[in-house]
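Q: The following comprises the amino acid sequence and a computationally predicted model.
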Amino acid sequence: MAITERRGFRILKPAGNAAGQKRFVVAGLTPIMLYMIFFAILPMVWAVALGFFDYSPIRAGSGFLGLGGVNPFVGLDNYRAMFDDSQPARVFRMAVRNTAIFAALVLPINLLITLPLAAVVESVHDRFKRFFRAIYFMPTISSSVAVAVMWGYIFNPSQGLLNTLIKAVGLTPPKAWLTNPSAVYFGVPLAMIAVIIAYLWQDFGYNLVIFIAALQGIPSEIKDAAQVDGANAWQTFWKITVPLLKPTLLFVCVLTMLSSLQVFVIFDVMTNGGPRNQTTPLVMSIYENAFRYQNMGWAAAISMVLFIMILIITIIQFRFLRTDWEY
Amino acid sequence: MKSLRMILLILVIGSLMLVACGGDDAADTTDTGSSDTEVAAPAGEKVQLRLWSHQNAAFQEGNQAIIDKFMEENPNIEVTYETFEYDLFIQTLQTSMPAGTEADVLELFGTWVCSYAAGGRLLPMPKTVMSYEEAQQLFYQAPLDGYYCDGELYGLPQEFNLEVGGALMNPALFEAHGIAYPPEWNNFSEMIADAAQMSEYDGETMLRSGFNYVTSDGLGFALTAAILQQGASYFAEDGRHFNFESPESINAIQLLMDIAQKDNVVDPILFNDDSNWVGDSFFAGNVAIGFVGSWAAGEGLLNYPDMDFDYLQIPPYFGNENVFAADAGWGKVVSVNTKHPEEALKLAKFMAAEKANALVWNTSTATIPALKELVASPDELLAKAPFLESTFSLLPNGQYLGNLTDRDQLWYEIIYPHMLDAIQGNITAEEAAKNINTEANAMVDASQ
């Protein structure tokens, strides 16, 4: 490599010719590209294709890759069936609703907790900052199964910590947090609320750390200037800090929404989708249909719906939170 | 031009890899449905067979012992035994079968066998190996019929899966409530009266259930058994659709509702499949009588060796005869993709139909034998699993569940949710019956 100076910048120039660089790029990128083609893109294409077939892996179809014959092409029937009055269609629609409720509640509550908390943690002395950051981040690195089991015990109706505390202060606890289908508050089943509490407990540390890092990256001169102009702490936070966090907010919103839409483990362990499918998310519905009932075509069609949901929501988030500036 | 060449190169590599991945599909077409594709091992080399099962220490111990014996008696055959964690086993079967890479011999649950057979994934058992008539002499009808699909026998059962007719009993709770043990109930009402006595509450919260029967498996089997005990059938006249709206079906649902709502033997909000599951709550001491398959007693012996419990018959819901419908239990089947069908079938038959080997398997797994002969002389089996004795007199009353189209969907997605709804008091017995009937028949129609 030769180093040259141009307009004050140091530029690394390849010593060899352009063809050599191309060969290097091809040699470096082809293996990972092939890996992505075979283990990401082809499975995705396969899933799209399966959505148009009544495919079950336990049936040996007669056509290419087992598609056709006893695994017939059904066109858009799997998608049309989602609007039927059949039991699988009702469970699917309920799963869409559950997933939407979960994501719609988790994202704002998570932001409401993490953003102010990050500002508070950021304002304390460095020694305490590290301590709080470590404490709040701990649940994030815990296994989801362990978290779900622990919260299952906390919500236990007879021996659970929560009901014991509620009784201790003289109140009447719910009969069952996770299994009573009649317990619905503001249209949200109690079991869903319980799972959201557990999920937020585990997940909020991740966003908190990201917000703390972003807050540390905001130049203090900007805040100082606002204060010189007479802004109080609230105005500084709301009119200076929050807008400057927009790129981070976009990142956090997209990631939180993605993980909320794809949530599975905590539901599987805490409620197994019950009571009466009130906590069955889309991913669980995909898993159950694919591997329990062997309706791979139907499951693939559901996965396409989830994909489209995620795509639309992500595009909307990008539109609303995109910024064209940096500091 | 160079870019084009590079793209072509990538496409060629990709195509080669696809061909390599799909190589076994070509083998599929030649093998499917035929048993004359025996690939002879080169002279001096052993025939290599693979056997797959799910992971369960007791099952693995039983299978391995029989495989070792098989290899001793057949030095020209080497069997590799591979196991998978239960969920992974199902997924591996589903992904390996289209690729044709599954094992030669598979341990399958009988209820799944006809689905796999109808999909062309299993090898039918030639009459020269064993005819259905011969099998009928050897095996109980209920487990055997799970392996008999469209006039062909696909593998052989090893287990009589009994989910109904018996229950786990906690003698200490009987004694604590002054109830004679072992119980001598003349009818179902007498058992429910004792169970009600053993139920305990703290205010509105049930602490102990006298009789916990609210499970996704239990409710389906209780419903079908209760219908059969009234002399009716849960099948419609065409034998393919269902009739869950008959007066007998509504009676059965009402009975199962009443014992929760009037007799208070269980709180179905606190005790169900997702909360305080019967096996867990029984061994935690929170259930006096736990309605669950006898296999749970086997697991209890392993996991709770210090707990004193029994597995006893419970009275029929209606009438005097404990008639019931049963799933076919675990057994051995042969993949249609095997390159050594003769040896694979020989191994399956060796494991399931030979008395000494079946004894090893049922003793290891503490399961009810599908082989009649073992029940006729059960001393060795009972020494390991004494709780099985109470189930033996039930076995002749069992019939196979029949072609339920999709047993798992019917049980877990249709019967259980609506029955639970009814038992929890959200809908009437008539509404539950109607919902079950409508959805079950829609499932049948959708499959046609």
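A: Here it is on my side, so go on. Residues are numbered from 1 along each chain as shown, chains lettered A, B, ... in the order given.

Q: In CSV, list the C-alpha atoms belonging to stretch A:218-225.
A: Taking C-alpha atoms only, stretch A:218-225 is exported to CSV below (Å, rounded to 0.1, in the frame of the first residue of the first chain):
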residue,chain,number,x,y,z
ILE,A,218,-24.5,14.4,22.6
PRO,A,219,-22.0,17.3,22.7
SER,A,220,-22.4,19.1,26.0
GLU,A,221,-21.9,22.4,24.1
ILE,A,222,-25.4,22.1,22.6
LYS,A,223,-27.0,21.6,26.0
ASP,A,224,-24.9,24.5,27.4
ALA,A,225,-26.0,26.8,24.7
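
Q: what does that stretch contact?
A: A:236, A:240-241, A:244-245, A:327 (Cβ atoms under 8 Å, 6 or more residues apart in numbering or on different chains). For glycine as for every other residue, the C-beta is placed from the backbone atoms N, C-alpha and C.

Q: Out of these, name the ones that lie in helices.
A: The helices, defined by DSSP state H, take in A:Leu244 from the contacts of stretch A:218-225.

Q: Which of the contacts of stretch A:218-225 sits closest to B:Pro247?
A: Using Cβ to Cβ, A:Leu245 is the member of these that sits closest to B:Pro247, with 66.9 Å.

Q: residues contacting the residue lying closest to that closest one once chain neighbours are set aside?
A: Leaving out its chain neighbours, the residue that sits closest to A:Leu245 by Cβ to Cβ, 6 or more residues apart in numbering or on different chains is A:Ala214, at 5.4 Å. Contacts were defined as Cβ under 8 Å, 6+ apart; by that measure A:Ala214 touches A:245, A:247-248.

Q: Determine how far whichever strand or helix holds A:Ala134 lies from the middle of the whole chain.
A: When elements are defined using DSSP states H and E, A:Ala134 is found to belong to helix A:126-141. Using Cα atoms, centre = their mean, to the nearest Å, we find the averaged C-alpha position of helix A:126-141 to lie 22 Å away from the chain's own average C-alpha position.

Q: The residue in the stretch 1-150 of chain B that chain A sits nearest to: neighbour count?
A: Scanning the stretch 1-150 of chain B for proximity to chain A using Cβ to the nearest Cβ identifies B:Gly119 as nearest, at 3.2 Å. The local packing count at B:Gly119 equals 20, with neighbours defined by other Cβ atoms under 10 Å in any protein chain shown.

Q: Cross-check the contact I'm expecting between it and A:Ala60.
A: Yes - the pair B:Gly119 and A:Ala60 passes the contact test of Cβ atoms under 8 Å, sitting 5.7 Å apart.

Q: Mutual contacts of those two, please.
A: Common neighbours of B:Gly119 and A:Ala60 (Cβ under 8 Å, 6+ apart) are A:Val70.

Q: quick one on the thing from earlier: what average pLDDT does the helix holding A:Ala134 get?
A: Throughout helix A:126-141, pLDDT has a mean value of 88.

Q: That helix: which residues count as buried?
A: Of the residues in helix A:126-141, those buried by neighbour count under the rule 16 or more other Cβ atoms under 10 Å in any protein chain shown are A:132-133, A:136, A:139-140.

Q: Out of those, which comes closest to chain B?
A: Distance to chain B across the buried residues of helix A:126-141 (Cβ to the nearest Cβ) is lowest for A:Pro139, with 23.7 Å.

Q: Show the contacting residues for that closest one.
A: If you count contacts by Cβ under 8 Å, 6+ apart, A:Pro139 has them with A:147, A:201-205.

Q: just the strands in the stretch 201-327 of chain A please.
A: All residues of the stretch 201-327 of chain A lie outside strands when identified by DSSP state E, counting those that start in this stretch.

Q: Spatially nearest residue to whichever residue of it sits closest to chain B (excluding sequence neighbours)?
A: For the stretch 201-327 of chain A, the residue closest to chain B is A:Gly274, as judged by Cβ to the nearest Cβ, at 4.2 Å. With Cβ to Cβ, 6+ apart as the criterion, A:Gly274 has its nearest non-adjacent residue at 4.2 Å, and that residue is B:Asp274.

Q: Run a quick neighbour tally on that neighbour.
A: Burial of B:Asp274, expressed as a neighbour count using other Cβ under 10 Å, amounts to 18.

Q: Confirm it sits in a strand?
A: No - according to DSSP: H, G, I helix; E, B strand; the rest coil, B:Asp274 belongs to no strand; its state is coil.

Q: any idea how far it lies from A:Trp177?
A: In this view, B:Asp274 and A:Trp177 are 12 Å apart by Cβ to Cβ, to the nearest Å.

Q: now swap in B:Pro316 and tell me
A: Taking Cβ to Cβ, one finds B:Pro316 at 37 Å from A:Trp177.

Q: what about these two, which has more around it?
A: Taking other Cβ under 10 Å, B:Pro316 and A:Trp177 do not tie; A:Trp177 has more neighbours (26 against 21).

Q: Kindly indicate whether the more buried one is helix, strand or coil.
A: Using three-state DSSP, the structure places A:Trp177 in coil.

Q: Quick one: name the residues of the stretch 201-350 of chain B near chain A.
A: Residues of the stretch 201-350 of chain B lying close to chain A (Cβ under 8 Å from any Cβ of the partner chain) are B:202, B:204-207, B:269-270, B:272-275, B:336.

Q: State the distance from the residue lying closest to A:Gln278 once chain neighbours are set aside to chain B.
A: Residue nearest to A:Gln278 in three dimensions, not counting chain neighbours: A:Pro189, with 4.0 Å by Cβ to Cβ, 6+ apart. As defined by Cβ to the nearest Cβ, to the nearest Å, A:Pro189 lies at a distance of 13 Å from chain B.

Q: hang on, the earlier thing: pretty sure the residue of the stretch 201-327 of chain A closest to chain B contacts B:Ile269?
A: No - A:Gly274 is beyond contact range of B:Ile269, at 10.8 Å (criterion: Cβ under 8 Å).

Q: show me the contacts for B:Ser364.
A: When the contact criterion is Cβ under 8 Å, 6+ apart, the partners of B:Ser364 are B:58-59, B:61-62, B:65.

Q: Please repeat the previous calculation with a cut-off of 7 Å.
A: Contacts here follow Cβ atoms under 7 Å, 6 or more residues apart in numbering or on different chains; on that basis B:Ser364 touches B:58, B:61-62.

Q: what's the answer for A:Leu321, then?
A: Applying Cβ under 7 Å, 6+ apart to A:Leu321 gives the contacts A:246, A:249-250, A:253.

Q: Quick one: name the residues of the stretch 201-327 of chain A near chain B.
A: A:271-272, A:274-276, A:291-294 (Cβ under 7 Å from any Cβ of the partner chain).
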